[in-house]
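Peer 1: Return atomic coordinates for the entry below.
(2 chains)
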Amino acid sequence: MQTVERTIDNGVNVTALLDARQALAQAPEAARFTWRARCDWVHGTHSRTVIEGFHGLGEEQAHRSRFAFDIDHPEVFAAEDHGPTPVEYVLMGLAGCLTAGIAAVAQNRGIQLRSVKATVEGDMDIQGILGMDSDVRNGFDAVRVTYAIDADASREDIEALVAQSQKRSAVFDALTNPTQVEVRVK
Amino acid sequence: MRDGRSLPARRAARTVTVVVIGAGHAGLAMSHHLATRGIDHVILERGEVANSWRHERWDSLRLLTPNWQCRLPGLGYNGPDPDGFMNAQALADHLGHYARVLAAPVHTHTTVRSVQPTEGGYRVITDGGDWRCRAVVLASGACNRPVVPSLDAALPASLCRVTAFDYRHPAQLPPGGVLVVGASATGVQLAAEIHASGRPVTLAVGEHVRLPRRYRGRDIQWWLEASGLLDQGPEAVDDPERVRRLPSPQLVGSDDHHTLDLNALTVRGIELVGRLVGLSDTRLQFSGSLSAHVAAADLKLGRLLDGLDTWARESSMDSAVGPPERPEPTHLPVAPRLGIDLARGEIQSVVWATGFRPDYAWLHVPVLDRKGRLRHRGGVVEAPGLYVLGLPFLRRRRSSFIHGADDDARELGNHLAAWLARGQRHGTATSFSDRLEMLSNEI
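Peer 2: Have a look, this model is predicted:
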């Protein structure tokens, strides 16, 4: 393990993650996190989301800085295209989640990554969101992620990295499994 | 053997050095090793020897391990069909024979109501009187209760629901479609059998372990044993808990030694869907993660076969076995269904093949973790004089197999004997850390 840590560096502090796992086993309530985004409508289909604080490890936490994101729709939707669409943010979330997982698993398995590139595609029939056909769902009917990974490892080991990353991915889980979602007016 | 029913219900507690709970293969193996060391003991059995095999499994069940592998301490298989697979009745008879050969001190029809710590040992309360003992060995098995997802309670009452624990044969189910939930050995076997009865079957597949029945001309169990894989202990893997949670491999014991993986089920006409994850009104929801689970299982199988090939080459076994082969990747439907509306009547029954768990409701010793699992190391439970046998990956990968009981029972018997001897020398119970230290010295 010591040797591995000296020679392999994907920039993931696996030791800290494994230590956290041990610590949380003693205090499982600290493992409850709440993630938060605040969204303001700007104009038309344009809105801006700010992400700053979240809750975890038993207390309020904050990012190192405040992140702001514009969300809009492209001109083919008769919108002004001030930013990516909401569904593209979902794809972004999936790619970011799986890629972080790949880096962490590779670090833990002593695999040096040189480059990890993902292409994410989500298919959707917009007859759903336009209310044209009740048999068509609003969301993606299929999502594909394709990885091109350059690393000091066999093809099987790289495939195993990608498989393990899916197994531990929050966004993969959120997309593939149902979630209770409640939307209220204050 | 004594029958608990003939004993008076209550009388003064009898005294014995060790009480073994459960007269299955594990309890009998422990009895053998205790007897070898001259340690007096009794085995308390709620029913008959091999009770779970006689009364708590489905009719067609056969072992996943070939007959030659069903070795017990001092008793190998010497029947006419070493490569065949015993059914549950044959195994129960085999264990009954073993109990008679051992002259094991089994008290049948004696149900343990409570195990309580007392000064210098335990009090074991049964429906046939109480026992005081220095040590207790839990050999009551890993599969006493079915695991049923909470979703079960939300299903419409009109739907027939049966667990793998209560399932006996397809005629128990009404005509019409069946959803089998879980793709372990149990799930794939029940899916195939129910489908053969003429009922359309859908199989909900989560994490699973794919294995071919035979590989390079030999039974897969031969490979796993000969290569030493089954001897691997928890210290050899990153996360033993993960291994303990693995579903049983997709295997069936049959006369034609066929493989029963997902491809075999698809060929028969069984529909594969993802893990059952929810119910929205009347619609069952399946996870979109089926392809991920299938890819992971295929990868792990490939890695296992690579390892077996390497072992065969390095141990000069190549000429004794057939050429390396690789199974087809698992084929999935282009778009596995993500839901089934129960209101449409397509599904008439749900079979929960979602696993089993041990039952420790009667164990009144504070040794369970927050998930209800025993806190133990290699079978040495976190309470002096308490041991457990027969759980998955207890001391090695073979721990939950019939032939896994011998080594585990011998080593835990050694530990138990050393503990008894120390207790006698010092007159006090040994601390848990001392006991762990003794254990690690043995390994």
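Peer 1: so how far is stretch B:372-379 from its chain's centroid?
Peer 2: Stretch B:372-379 sits 15 Å away from the centroid of its parent chain (C-alpha atoms, centre = their mean, to the nearest Å).
Peer 1: What residues of that stretch count as buried?
Peer 2: B:Leu374, B:His376, B:Gly378, B:Gly379 (16 or more other C-beta atoms under 10 Å in any protein chain shown). Quick note: C-beta positions are derived from backbone N, CA and C, even for glycine.
Peer 1: Quick one: residues contacting B:Val277.
Peer 2: By C-beta atoms under 8 Å, 6 or more residues apart in numbering or on different chains, the residues touching B:Val277 are A:Asn177, A:Pro178, B:Gln285, B:Phe286, B:Ser287.
Peer 1: would it count as being in a helix?
Peer 2: No: counting by DSSP: H, G, I helix; E, B strand; the rest coil, B:Val277 falls outside a helix, being strand.
Peer 1: Can you tell me which residue of chain B sits closest to chain A?
Peer 2: B:Gly288 (3.7 Å; C-beta to the nearest C-beta).
Peer 1: from what I can see that residue touches A:Ala174, true?
Peer 2: No: no contact is recorded between B:Gly288 and A:Ala174 when judged using C-beta atoms under 8 Å, the distance being 10.7 Å.
Peer 1: What parts of chain B come near chain A?
Peer 2: B:207, B:274-275, B:277-278, B:280, B:285, B:287-289, B:292, B:295-296, B:299, B:302-303, B:306, B:335, B:370 (C-beta under 8 Å from any C-beta of the partner chain).
Peer 1: Weed out the non-buried ones from those residues.
Peer 2: Among the residues of chain B next to chain A, the ones that count as buried by 16+ other C-beta under 10 Å are B:207, B:274-275, B:277-278, B:285, B:287-289, B:292, B:295-296, B:299, B:302.
Peer 1: from those residues, which ones fall inside strands?
Peer 2: B:Gly274, B:Val277, B:Gly278, B:Gln285 (DSSP state E).
Peer 1: which of the residues you listed sit farthest apart?
Peer 2: Farthest-apart pair in these is B:Gly274 and B:Gly278; separation 11.2 Å (C-beta to C-beta).
Peer 1: residues in chain A within reach of chain B, list them.
Peer 2: So chain A meets chain B at A:28, A:141-142, A:156, A:159-160, A:163-164, A:166-167, A:172-173, A:175-178 (C-beta under 8 Å from any C-beta).
Peer 1: Looking at those residues, which two lie furthest apart in space?
Peer 2: So, these by C-beta to C-beta: farthest apart are A:Pro28 and A:Asp141, at 36.7 Å.
Peer 1: Can you check the pLDDT for A:Met1?
Peer 2: Note on A:Met1: pLDDT of 43.
Peer 1: now swap in A:Ile8 and tell me
Peer 2: pLDDT for A:Ile8: 82.
Peer 1: Please look at it and A:Gln107 and confirm they touch.
Peer 2: Yes: the criterion here is C-beta under 8 Å, and A:Ile8 meets it with A:Gln107 at 6.5 Å.
Peer 1: higher neighbour count, those two?
Peer 2: A count of neighbours by other C-beta atoms under 10 Å in any protein chain shown puts A:Gln107 above the other of A:Ile8 and A:Gln107, at 22 against 18.
Peer 1: ok, the residue lying closest to that one once chain neighbours are set aside to chain B distance?
Peer 2: Distances taken as C-beta to C-beta, 6 or more residues apart in numbering or on different chains place A:Val12 nearest to A:Gln107, at 4.2 Å, with adjacent residues excluded. To chain B, A:Val12 is 16 Å away according to C-beta to the nearest C-beta, to the nearest Å.
Peer 1: I'd like to know how many residues surround A:Val12.
Peer 2: 19.
Peer 1: Likewise for B:Glu325?
Peer 2: 12.
Peer 1: That one - nearest residue in space that isn't next to it in sequence?
Peer 2: Leaving aside its sequence neighbours, B:Glu325 sits nearest to B:Arg216 (C-beta to C-beta, 6+ apart; 6.4 Å).
Peer 1: That neighbour contacts B:Arg313, correct?
Peer 2: No: B:Arg216 is beyond contact range of B:Arg313, at 11.6 Å (criterion: C-beta under 8 Å).
Peer 1: If you count surrounding residues, which of the two has more?
Peer 2: B:Arg216 (20 against 11).
Peer 1: And that one, how close does it get to B:Ala312?
Peer 2: When distance is defined by C-beta to C-beta, to the nearest Å, B:Arg216 is 7 Å away from B:Ala312.
Peer 1: residues of stretch B:189-208 that come out buried?
Peer 2: Buried residues in stretch B:189-208, counted by 16+ other C-beta under 10 Å: B:189-195, B:199-208.
Peer 1: follow-up on the earlier one: ok, of the ones in strands among the buried ones among the residues of chain B next to chain A, which one's closest to A:Leu113?
Peer 2: Using C-beta to C-beta, these come closest to A:Leu113 at B:Gly274, 29.5 Å.
Peer 1: That closest one and B:Gly339 touch, don't they?
Peer 2: No: using C-beta under 8 Å, B:Gly274 is not in contact with B:Gly339; the gap is 10.1 Å.
Peer 1: Need the overlap of contacts for the two.
Peer 2: With C-beta under 8 Å, 6+ apart, B:Gly274 and B:Gly339 have common neighbours B:Phe286.
Peer 1: list the helices and strands the single longest helix found in chain A packs on?
Peer 2: If you go by DSSP state H, chain A has its longest helix at helix A:86-108. For helix A:86-108, the packing partners by 3 or more C-beta pairs under 8 Å, 6 or more residues apart in numbering or on different chains; DSSP states H and E come out as helix A:14-26, strand A:59-71, strand A:113-123, strand A:142-151, helix A:155-167, helix A:170-176.
Peer 1: can you state the direction angle for it and strand A:113-123?
Peer 2: 150 degrees (axes from the mean of the first three to the mean of the last three C-alpha atoms, to 10 degrees).
Peer 1: quick one: average confidence on helix A:86-108?
Peer 2: pLDDT averaged over helix A:86-108 gives 97.
Peer 1: related to what we said a few turns ago, could you list which of the buried residues of stretch B:189-208 belong to helices?
Peer 2: Per DSSP H, these map to helices at B:Gln189, B:Leu190, B:Ala191, B:Ala192, B:Glu193, B:Ile194, B:His195.
Peer 1: I'd like these as CSV, with pLDDT appended.
Peer 2: Putting those into CSV (pLDDT from 0 to 100) gives the following:
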residue, pLDDT
B:Gln189, 98
B:Leu190, 98
B:Ala191, 98
B:Ala192, 98
B:Glu193, 98
B:Ile194, 98
B:His195, 98
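Peer 1: Residue in chain A with the shortest distance to chain B?
Peer 2: A:Thr176 (3.7 Å).
Peer 1: residues contacting the closest residue to that residue other than its chain neighbours?
Peer 2: Computed as C-beta to C-beta, 6+ apart, the closest residue to A:Thr176 that is not its neighbour in sequence is B:Gly288, at 3.7 Å. Shown in contact with B:Gly288 (C-beta under 8 Å, 6+ apart): A:Leu175, A:Thr176, A:Asn177, B:Gly274, B:Leu338.
Peer 1: before we move on, what about B:Ile21?
Peer 2: Per C-beta under 8 Å, 6+ apart, neighbours of B:Ile21: B:Gly27, B:Ile43, B:Leu44, B:Val112, B:Val115, B:Val124, B:Val136, B:Val137, B:Leu138, B:Ala139, B:Ser140.
Peer 1: from memory the first one sits against B:Ala139, does it?
Peer 2: Read that as B:Gly27. Yes: the pair B:Gly27 / B:Ala139 is scored as a contact, 3.6 Å apart, by C-beta under 8 Å.
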